[in-house]
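**Q** need the 3D shape of this:
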Amino acid sequence: MFERDLLERLFVEDQSGKDYICFSHSNKVWLIPEENCEPALEMYQPSTIKGKVLKSCIRFFCKSKIILGKVGVYRRKLSFHSQIHSYLKSIVNGEEVYIAAYMGDTTSKQNNKVTLQIYNEQKILCYGKITREPEVLENFSREIDGLKFLEKKGINNIPKVLGEREVGDLKIFVQSTNKPLRQPVRLEFGRKQIEFIHNIVKKTQFQVRYELSEFYILVQYLKDNAAKLGKTEEKIILSAVKWVETYAEEKGLPVAFCHGDYTPWNVYYQNGELNSFDFEYCLRMMPAYIDVFHYLTQLSILGKSNDASETIKLYESYQGILKEYMSDTDVIYGCYLLYIIGFYYHRTDGDCKRIGKQLEIWLELLEYLLKENERI
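**A** Residues are numbered from 1 along each chain as shown. Got it, this is the predicted structure:
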């Protein structure tokens, strides 16, 4: 029905079930309760014109089977997994809730999970994640441990772990949220976005030998596979690795907790303060402030559709404020680019065609940094 085994474990066609609006876009799937569908549309944040038109059609014509059919949206009567439903109700004190679901592109094992939004008439109550994929289970454990670690360190404006449970071969993890309804993604970067990471760095930073950091493991993996990317690409990567490792040996490379996917899409704003979520790729020993460069780069490439030269201009325009927080911004940016290239190379099992355009930009940015620092 959904071409997703996991979704079909959770949602079953049932004529006595609730009416759901079901649609897919870019090989991703959403299931949204027809009744009170507006809060559930918070899960769908399209960046393309086609996606925005689709969202508007769902919003304004959610009860029109004919119009929805023309844009590839269909309606189903569905019942949700009874045991998990009961568990979710227990977390929100027995309140009757709506449950919406999202599942990403499962060509990557890392996306073989369902994200649930649990909400009532007024607000989003919490989010749940469900999987049975071993690799994703590792991410769940990492996120749970990371959130608890940050809470002990006194970090605010992050989710709290509300519960975790196994139901058969399924694992569910539930976390809190204060996300306001209908808040658009803000494609902005500045002191507020840097300060959030600065606060984490202050409370989690420490010195460790480079060879003992998680970053070192990732760099070694990239070194071992750089030749598979091509001779030019290998030269850029190995030059960057040598630059970073020399710097670490001579000056040290402080490490800190890393969110792992800090972007405009994984933050929201409440009472003027930035809140962040989705910590499933967090790490404990990564170069301090590396998250800042992920935010800036993804904002540029994905948010603003910038190429490498436009991303470089954006980076240069913020160097003044960045240097208030770190002395060697080029080095930390270089660390980030090595990390993100290695991360996606591993995630796609070496199939770089799936990240072709972004990979080109990351390599161009890395080459720019090397030339600026006379390392190539």
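**Q** report how many residues lie close to K63.
**A** K63 has 12 neighbours, counted by other CB atoms under 10 Å. For the C-beta atoms, the positions are set from N, CA and C on the backbone; glycine is no exception.
**Q** who's in contact with it?
**A** The contact partners of K63, taken as CB atoms under 8 Å, 6 or more residues apart in numbering, are E34.
**Q** and it, how far from V92?
**A** 27 Å (CB to CB, to the nearest Å).
**Q** and what of E164?
**A** 16 Å.
**Q** check N275 too.
**A** Separation of N275 from V92 (CB to CB): 20 Å.
**Q** just the helices in this structure please.
**A** Along the chain, counting by DSSP state H, helices occupy 5-10, 49-60, 65-70, 82-91, 134-152, 191-204, 214-225, 231-251, 290-298, 308-317, 319-322, 329-347, 356-372.
**Q** below-threshold pLDDT in the stretch 51-200 of the chain: ranges please.
**A** Counting by pLDDT under 70, the stretch 51-200 of the chain contains no low-confidence range.
**Q** at 80 what do you get?
**A** Along the stretch 51-200 of the chain, segments meeting pLDDT under 80 span 61-66, 106-110.
**Q** I'd assumed E95 was in contact with L88.
**A** No - L88 is beyond contact range of E95, at 9.6 Å (criterion: CB atoms under 8 Å).
**Q** which residue of those two possesses the greater neighbour count?
**A** Neighbour count, other CB under 10 Å: between L88 and E95, L88 has more, with 24 against 12.
**Q** so what's the more buried one up against?
**A** Residues near L88 by CB under 8 Å, 6+ apart: 97, 99, 116, 118, 126, 128, 174.
**Q** would you turn the residues you listed into CSV with neighbour count and distance to G260?
**A** Shown next, in CSV, are these (neighbours: other CB atoms under 10 Å; distance: CB to CB, whole Å):
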residue, neighbour count, distance to G260
V97, 19, 29
I99, 24, 27
L116, 23, 21
I118, 22, 24
C126, 20, 21
G128, 23, 20
V174, 23, 20
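**Q** tell me which of the residues you listed fall in strands.
**A** Counting by DSSP state E, the part of the contacts of L88 found in strands is 99, 116, 118, 126, 128, 174.
**Q** my guess is the last one contacts L162. True?
**A** Yes - here V174 reaches L162: they are 4.4 Å apart, a contact under CB under 8 Å.
**Q** what is in contact with these two at once?
**A** Common contacts of V174 and L162 (CB under 8 Å, 6+ apart): 91, 126.
**Q** neighbour count winner among N275 and V92?
**A** Neighbours were counted for N275 and for V92 using other CB under 10 Å; N275 has more, 19 against 16.
**Q** gap between that one and E316?
**A** Remark: distance between N275 and E316 (CB to CB) = 29 Å.
**Q** how about the contacts made by K153?
**A** Contacts of K153 (CB under 8 Å, 6+ apart): 200, 203-204, 257.
**Q** now do stretch 107-125: distance to the chain's middle.
**A** Relative to the centre of its chain, stretch 107-125 is centred 13 Å away, using CA atoms, centre = their mean, to the nearest Å.
**Q** now swap in stretch 351-363 and tell me
**A** On the basis of CA atoms, centre = their mean, stretch 351-363 sits 18 Å off its chain's mean C-alpha point.
**Q** buried residues in it, which are they?
**A** Buried residues in stretch 351-363, counted by 16 or more other CB atoms under 10 Å: 352, 355, 358-359, 361-363.
**Q** again with stretch 153-165
**A** Residues 155, 157-159, 161-162, 165 are the ones in stretch 153-165 that count as buried (16+ other CB under 10 Å).
**Q** pull the most distant pair out of those residues.
**A** Using CB to CB, the two most remote members of these are N157 and R165, lying 25.9 Å apart.
**Q** which one of the buried residues of stretch 153-165 is nearest to L6?
**A** R165 (16.2 Å).
**Q** neighbours around K231, how many?
**A** Residues near K231, counting by other CB under 10 Å, number 9.
**Q** would you quantify the distance from it to L369?
**A** Plainly put, K231 is 20 Å away from L369 if you go by CB to CB.
**Q** try L137
**A** According to CB to CB, L137 and L369 sit 36 Å apart.
**Q** which one of those two is surrounded by more residues?
**A** The neighbour comparison of L137 against L369 (other CB under 10 Å) goes to L369, with 21 against 15.
**Q** hang on, isn't the more buried one packed against I236?
**A** No - using CB under 8 Å, L369 is not in contact with I236, being 9.9 Å away.
**Q** what residues are up against Q45?
**A** Listed by CB under 8 Å, 6+ apart, the contact partners of Q45 are 185, 265.
**Q** change it to 10 Å
**A** Neighbouring residues of Q45 by CB atoms under 10 Å, 6 or more residues apart in numbering: 51-52, 55, 184-185, 264-265.
**Q** just give me the neighbour total for E372.
**A** Neighbour count for E372, taken as other CB under 10 Å: 12.
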